[in-house]
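Engineer: Mind folding the following:
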Amino acid sequence: MKIIAVANQKGGCGKTTTAINLAACLGKKEQRVLLLDLDPQAHASLGFGVYSDDARDLYDVFTGEVKLEDIIIPDVFAGVDVVPATMTLAAAEHLPVRSDARDHQLKIHLAGIRHRYDYAVIDCPPSMGLLSLNALMVADLVLIPIEMSLFGLNGIDYMYETIRRLGERHGRKISIRVVPTLVDSRTRLCRQFLHEVGERFADDVSSVMVQFTVRLKEAVRQGVPIIAYDPTSTVTVQYLRLADELMSSLPGQSQTESKHEHAAHVAGMKHAFEEARARINTSDARQKVTLRLFGYASRDVQIAGDFNDWTPDRGVITRTAGDDVEKILMLAPGTYQYRYIVDGVWQEDPSNPEQLQNFSGGFNSILHVEEQHEEISA
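Structural biologist: Sure, this is the predicted structure:
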């Protein structure tokens, strides 16, 4: 069993959202996954719709009242079991056990069930207390979600130092992966922070960046992961890519495959940060861009792309001109990906030869907006 601890001492960075959706995406890839909710706020339990005030949690396990296997909630999602949390878990910071065993409680209790799962995903509390230390002690990899803000960057160095010291003290190598979350690359400030993350943590930054979208909050409200709530959304694709990346980077892969995957991830990361850097250096002045589909006036046509968080027709003006449909956008200079939705079916722009294969097996059309952009007939 490979163990991924999702940790950040700052709240509001997408930590629990990442834990929920990573576990769900691993499960969809036919992996056996155990999600452990170590946060007394129990948001991961809420996110999977299994929260109960009366539930037994890891505090009861640590104090010897129940066994870990007795509190696991099975099959909350395809391939995913959950160890729930309640507010009682906050008392675990004062466990009535020997001081030399306090940091090893999770390791001790996981030993008997490791053979049952391929992966364990741990949602850590937003602090570096006893519960987080227990998670770090067993983790093969620590995934640090980081939001695009000064507060998001602050404190990561402390986490790095804590992980390094734990690894040295116990003779273990604990890998670290930083994943940018709540990304809205349309704003200059977000792009600046994205660039800074790339420079500060280049060796450890994931090639995947998770966009900001209200769809994630809607999924949590329904008690399901995003892959169940909106399986075709961009963030679903992003979390599936993150699952693929972590599966390839954790021990157990062949050396050749690991090198190949690593090279692909580095290339993807460089492309993303070069794109962010290019956008920082261009004007934020938005320009009118018109895309035209000939002969589509009688059909229901929408457009979605990274310029509107892949939400069909959001921020778009539609008008007809004879038999043609025009989509009018206001865009800053840069390069964008987009697709049309025609009568409910997603498709690339049939008149635009410049395309890029996406992670769903289809193709996204590419739009370049120059400094002095004129109307496009596409």
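
Engineer: Would you confirm that Arg241 contacts Val208?
Structural biologist: Yes - using Cβ atoms under 8 Å, Arg241 is in contact with Val208, at 4.8 Å. In short, each C-beta sits where N, CA and C put it, glycine included.

Engineer: what about these two, which has more around it?
Structural biologist: The neighbour count for Arg241 versus Val208, taken as other Cβ atoms under 10 Å, is higher for Val208 (23 against 19).

Engineer: wait, what's in contact with that one?
Structural biologist: By Cβ atoms under 8 Å, 6 or more residues apart in numbering, Val208 lies in contact with 179, 238-239, 241-242, 245, 268.

Engineer: Could you save the residues you listed as JSON lines and add columns showing pLDDT, secondary structure and distance to Ala111?
Structural biologist: Output for those, formatted as JSON lines (pLDDT from 0 to 100; DSSP: H, G, I helix; E, B strand; the rest coil; distance: Cβ to Cβ, whole Å):
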{"residue": "Val179", "pLDDT": "90", "secondary structure": "strand", "distance to Ala111": "29"}
{"residue": "Gln238", "pLDDT": "90", "secondary structure": "helix", "distance to Ala111": "34"}
{"residue": "Tyr239", "pLDDT": "92", "secondary structure": "helix", "distance to Ala111": "29"}
{"residue": "Arg241", "pLDDT": "91", "secondary structure": "helix", "distance to Ala111": "32"}
{"residue": "Leu242", "pLDDT": "93", "secondary structure": "helix", "distance to Ala111": "28"}
{"residue": "Glu245", "pLDDT": "91", "secondary structure": "helix", "distance to Ala111": "28"}
{"residue": "Gly268", "pLDDT": "53", "secondary structure": "helix", "distance to Ala111": "36"}
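
Engineer: What is the nearest of these to Ile144?
Structural biologist: Ile144 has its nearest neighbour among the contacts of Val208 in Val179, at 7.1 Å by Cβ to Cβ.

Engineer: Show me the shaky parts of the stretch 101-250 of the chain.
Structural biologist: For the stretch 101-250 of the chain, applying pLDDT under 70 flags the ranges 101, 152, 155, 185.

Engineer: Please, where are all the strands along it?
Structural biologist: Applying DSSP state E, counting those that start in this stretch to the stretch 101-250 of the chain gives strands spanning 119-123, 141-147, 175-181.

Engineer: And the residue of the chain most remote from its centre, how close does it get to Tyr340?
Structural biologist: Largest separation from the mean C-alpha position in the chain: Gly322, at 43.5 Å (Cα atoms, centre = their mean). Distance of Gly322 to Tyr340, computed by Cβ to Cβ, to the nearest Å: 19 Å.

Engineer: Now Thr88: phi and psi?
Structural biologist: Main-chain dihedrals, Thr88, degrees, to the nearest 10: phi -60, psi -30.

Engineer: ok, it - how many residues close by?
Structural biologist: Neighbour number of Thr88 under other Cβ under 10 Å is 16.

Engineer: Please, which helix or strand holds the nearest residue to it once chain neighbours are set aside?
Structural biologist: Closest residue to Thr88 apart from its sequence neighbours, by Cβ to Cβ, 6 or more residues apart in numbering: Tyr59 at 5.0 Å. Using DSSP states H and E, Tyr59 maps to helix 58-62.

Engineer: Dump the next helix-or-strand element following that helix to CSV, keeping only the CA atoms.
Structural biologist: Counting by DSSP H and E, the next helix or strand C-terminal to helix 58-62 is helix 68-71. Listed next in CSV are the C-alpha coordinates belonging to helix 68-71 (Å, rounded to 0.1, in the frame of the first residue of the first chain):
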residue,chain,number,x,y,z
LEU,A,68,-9.3,0.3,12.7
GLU,A,69,-11.0,-2.3,10.4
ASP,A,70,-14.2,-1.9,12.5
ILE,A,71,-14.7,1.8,11.7
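
Engineer: how about the helix or strand following helix 68-71: buried residues?
Structural biologist: Heading C-terminal from helix 68-71, the first helix or strand you meet, by DSSP H and E, is strand 73-77. Residues 73, 76-77 are the ones in strand 73-77 that count as buried (16 or more other Cβ atoms under 10 Å).

Engineer: Redo those residues as JSON lines? Include distance to Ser365.
Structural biologist: As requested, these are exported to JSON lines (distance: Cβ to Cβ, whole Å):
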{"residue": "Ile73", "distance to Ser365": "44"}
{"residue": "Val76", "distance to Ser365": "38"}
{"residue": "Phe77", "distance to Ser365": "33"}
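
Engineer: Generate a markdown table for those residues, with pLDDT as supplementary columns.
Structural biologist: As requested, the buried residues of strand 73-77 are arranged in a markdown table below (pLDDT from 0 to 100):
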| residue | pLDDT |
| --- | --- |
| Ile73 | 94 |
| Val76 | 92 |
| Phe77 | 93 |
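
Engineer: quick revisit: how many neighbours does the residue nearest to Thr88 have?
Structural biologist: Tyr59: 22 surrounding residues under other Cβ under 10 Å.
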